[in-house]
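In: My questions are about this predicted structure, shown below with the sequence.
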Amino acid sequence: MSPDFQLLFESAPGLYLVLTPELAIVAASDAYLRATLTRRADVIGRRLFDVFPDNPADPQASGVSNLRASLNRVLREQVSDTMAVQKYDIRRPESEGGGFEERFWSPVNTPVLDAGGQLRYIIHKVEDVTEFVRLKQEAARGRLVDELQARAQDMEAEVYLRAQQIQSLNRDLMKAKEAAEEASRLKTDFFSNVSHELRTPLALILGPVRRILAAGTAPERERADLEMVERNAVLLLKHVNDLLDVSKLESGRMKPEYADVDLDRLVRFATSHFDSVALERGIRLSVDCAPGLMVQADHEHLMRVLLNLLSNACKFTPAGGAVAVQLRVEQAVATLTVADTGPGVPPHLRDAVFERFRQVEGGASRRYGGTGLGLAIVRELVELHGGRVDLTDTPGGGATFTVRVPLHAPAGAQVKAGDFELNGELARHAMAEFDLRTAQQTDAGGPAGAALILVVEDNQDMNDFLVHALSRDYRVERAYDGEEGLAKAVELHPDLILSDLMMPRMSGDRMVEAIRRHPELDDTPIVLLTAKASDDVRVKMLTSGVQDYINKPFSEQEVRARIGTLVATRRREQARLRQAYALLQSQAAVLARTNEELEQLAFVSSHDLQEPMRLVSAYVDLLRLRIGGLLDVETRAYMQHVLDGAMRMRELIEGMLDYSSIGRNGDVLLPCDGGEALATALGNLEDAIRQSAAVVTHGPLPVVDARPGELTQLLQHLVSNGIKFNRASEKQVHVSAARGDDEWIFTVSDNGIGISPAHADRIFQLFQRLHDRAEFPGTGLGLTICRRILEKHGGRLWFESELGAGSSFRFTIPDVARRTELEQLHSLDTVHRG
Amino acid sequence: MSNCIPWILFIEDNPGDVLLVKTALKEIGRDAQLDTAQDGEAALGKLQALAKDENTQPDLILLDLNLPRVSGLELLEYIRSHPFLSRIPAVVLTTSNAPRDRARCEELGSTGYLVKPARYEGYLAIARQLEPLLCAPMS
């Protein structure tokens, strides 16, 4: 039997198509159909290129035309033709998504001839090399991948590097954190170690001191000293305890020891200790407790909380205010409120006040002392109990602290049964901050006539200590803050001021500044007490007007020694100053007396001299009239000379009289109208002005404080000179005035002959004349008189002139206030010139 | 011009001044009877004597201020305090030109205040000034 060639053909492992010479498909292998995604029924009988066209979307598609060319060659030449690899786009059926699939085929077309040599069929055999081509393509793509890979590797390396850096930073951070924790631990350990070291000696101080006080055998002065020692040791102990607790709380070593606490009883116990403080400060303290309130808590912790809150409230509430303590229970929570009527806490600081060491008012002038640990401890202790503390406003002003603690200890905590003593020692510590003794107002007497020292110190004990140390040798006054210190310094003018630096209301350094602004306190020695030891603080103080400083703590001897030298030096200086002043005063007095005598002499002499001179001239005049006609020319001339001589003598004497009478009379300075004075002077000069045809003008002239006659004299002399020493064809004199510093400056200027500056000194001296009498008449006294007038008025006289260019004489009349100063200066000045 | 001879009480310690006044008065035709007192104390005595008799009063009292023992001002005060004397014109003739002295005399009620001149003409002028007060009818 012959094989089933159709079956064989269709199953053959290869892509076969059998074509007619018209290129219609008569057979196709299964493989071909599979590869082309077609069905036999769709392709048999159809023309090849109808079934497998080019991809219409691909303009470059050349598969079909190449195949056609190849098939045509086969048809023509009846030989086999192998085509190059062709890209075909196989149409995908719609059921598989439609479109075309890319295929790479390598076809061979073989003719089939019959016995007669006629071409009957073409066998189109295809090698599907799609995969192969793809592989090749991928090989090309592979290179790209390598590049990418390389880049990726670089990036990895960088990331790694970064990671390393972060890691090392982390390590550093870790180290820093460890260091900080270590430091904090050390600090805590330090606190607890040192605190422990501090408590031991304190206990050894307090013990014996209390023993002695209890024995009651100490004399009064020693008793007071011992009480001061006890008070301050207790205060120191309180601060140490606070620090110790803070460190314990920080390191978590403070664990509450729960017991059944009668909260009512505890509150009453604590508040009772503050009764005396409240009374002393004029504060109303009230307690409102729900009775029989039991709570499981650590009684010492609660006591601490309460004492700290009460202490705070009492510190900040002013006299007349109130502190109200209230205790309530609501739903298994005990609520304790402490409300005061003080200044309250501003909202932005409500949280901050609970911080360790935080004080709401910092600086040297804060009103209240303290370490700032109280509230921090309150919060920690309350929170240890699983409670909370809040700060709100008291209605009407003030702060209200509300503490809430659960009534029951946490589950599993051990609760001690039985009774316990309420700790009074804790309460005593709290009280140590409130010094209950009233300030002693009597100042310590010292030897009379001793130097006066002002002690400014807010701490009562310290104040007492200093006063006691100094009162043996000096008189001592005291003040308790900077403001009081300033007021007393101004009032008392102490010989020395000893002051603390940190004080309420006004700190020591601000007080020093304020004191130095008072000129009379400018050289009062000031010594500051300071605990601050840094160099820049010291330098600052020494350069700001403080003579010396003493570091705390100091001994009595040190204080006395430092103050001793300063006071002694100051007193010596003051004594010397007083002596010198006394000497000066006595000399000034002698001189004033001498001056007066001379003036008196001058006045009297000139007055007595005038009389005879007057008679001489009058009689010579009379004689001349009577017998003149009988005399010859020569004799008449003699008489004339006698007359002239007498006249001249009279003028001189008159001038001297004027000179000596200036300022003698103690005439009071009156407001003088300069214009009126000038008018009077011009009236007196009427003849001279008319004869010389001089023009005298003036600007506005002020009212000055002067002796009226003398102001007139002054102007008269100066104007007269201006007219006299003048050869101008139109003689001009101008009088004006201008305002200076605390004085009026007058100017009398002329267009006269001028004065050479070389004669500046001479012209003001007695009887000095620059010209002979024939040229210009005059006694030579005029300017001297002017100068004297000015001296007595506290003014100055000078001139500006050039030969041939006129002169300006200027003088000043000071205002009254300045005058007294100048007069004093002047009298000293004359001492000098003797 | 009446024929009366004026009677002047001139209280002045300097005879030179007295003569000048007398000469000047004579020159203007008033040859006066000059009664003088040369110091304050004597003057006071004379005034006291005059005060007793209201009918014998001089026409004018001229007085210097600068007198030994009792000053012109005191005398002026006395004159003005006495009823008879106060009716007599009292003119001060003195060297001082001080405003203070002028004011004081005016306060005390002097009739006039004259400064002793240095030239003879001045005395003539004074004499003319005083003339109306001389031989004036008593009021």
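Out: All right, it came through fine. Residues are numbered from 1 along each chain as shown, chains lettered A, B, ... in the order given.

In: unless I'm mixing things up, residue A:694 is touching residue A:731, no?
Out: Yes. Residue A:694 is within contact range of residue A:731, at 3.8 Å (criterion: Cβ atoms under 8 Å). Glycine gets a C-beta too; all of them are placed from N, C-alpha and C.

In: List the residues that are in contact with both of those two.
Out: A:722-723 (Cβ atoms under 8 Å, 6 or more residues apart in numbering or on different chains).

In: between these two, who's got more neighbours?
Out: residue A:694 (23 against 20; other Cβ atoms under 10 Å in any protein chain shown).

In: check contacts around that one.
Out: Contacts of residue A:694 by Cβ under 8 Å, 6+ apart are A:688, A:722-723, A:726, A:731-733.

In: how close does it get to residue A:684?
Out: Remark: distance between residue A:694 and residue A:684 (Cβ to Cβ, to the nearest Å) = 14 Å.

In: on that earlier part again, now the contacts of residue A:694: which count as buried?
Out: Buried members of the contacts of residue A:694, counted by 16 or more other Cβ atoms under 10 Å in any protein chain shown: A:722-723, A:726, A:731-733.

In: From the residues you listed, which one has the minimum pLDDT?
Out: In terms of pLDDT, the lowest of the buried ones among the contacts of residue A:694 is residue A:726, showing 87.

In: What values do phi and psi take at the residue lying closest to it once chain neighbours are set aside?
Out: Excluding the flanking residues, the one nearest residue A:726 by Cβ to Cβ, 6 or more residues apart in numbering or on different chains is residue A:752, at 3.6 Å. Dihedral angles of residue A:752 (phi, psi; degrees, to the nearest 10) stand at phi -90, psi -160.

In: what's around residue A:752, how many residues?
Out: Using other Cβ under 10 Å, residue A:752 has 23 other residues around it.

In: what does chain B have sitting close to chain A?
Out: Applying Cβ under 8 Å from any Cβ of the partner chain, one finds that chain B approaches chain A through B:14, B:16-17, B:20, B:23, B:66, B:95, B:99-100, B:116-123.

In: which ones among these are found in helices?
Out: B:16-17, B:20, B:23, B:99-100, B:120-123 (DSSP state H).

In: Quick check: buried residues in the lengthiest strand in chain A?
Out: In chain A, assigned by DSSP state E, the strand with the most residues is strand A:100-113. Residues of strand A:100-113 classed as buried by neighbour count (16+ other Cβ under 10 Å): A:100-101, A:103-107, A:109, A:111.

In: Mean confidence (pLDDT) on stretch A:35-52, please.
Out: 86.

In: Now list the buried members of the residues of chain B next to chain A.
Out: B:14, B:17, B:20, B:23, B:66, B:95, B:116-120, B:122-123.

In: Spit out the contact partners of the nearest residue to residue A:671 once chain neighbours are set aside.
Out: Of all residues not flanking residue A:671 in the chain, residue A:703 sits nearest, at 5.0 Å (Cβ to Cβ, 6+ apart). By Cβ under 8 Å, 6+ apart, residue A:703 lies in contact with A:671-674.

In: okay, which residue is most central for chain B?
Out: residue B:62 (0.7 Å; Cα atoms, centre = their mean).

In: got a list of what that residue touches?
Out: Neighbouring residues of residue B:62 by Cβ under 8 Å, 6+ apart: B:8-12, B:21, B:90-93, B:130.
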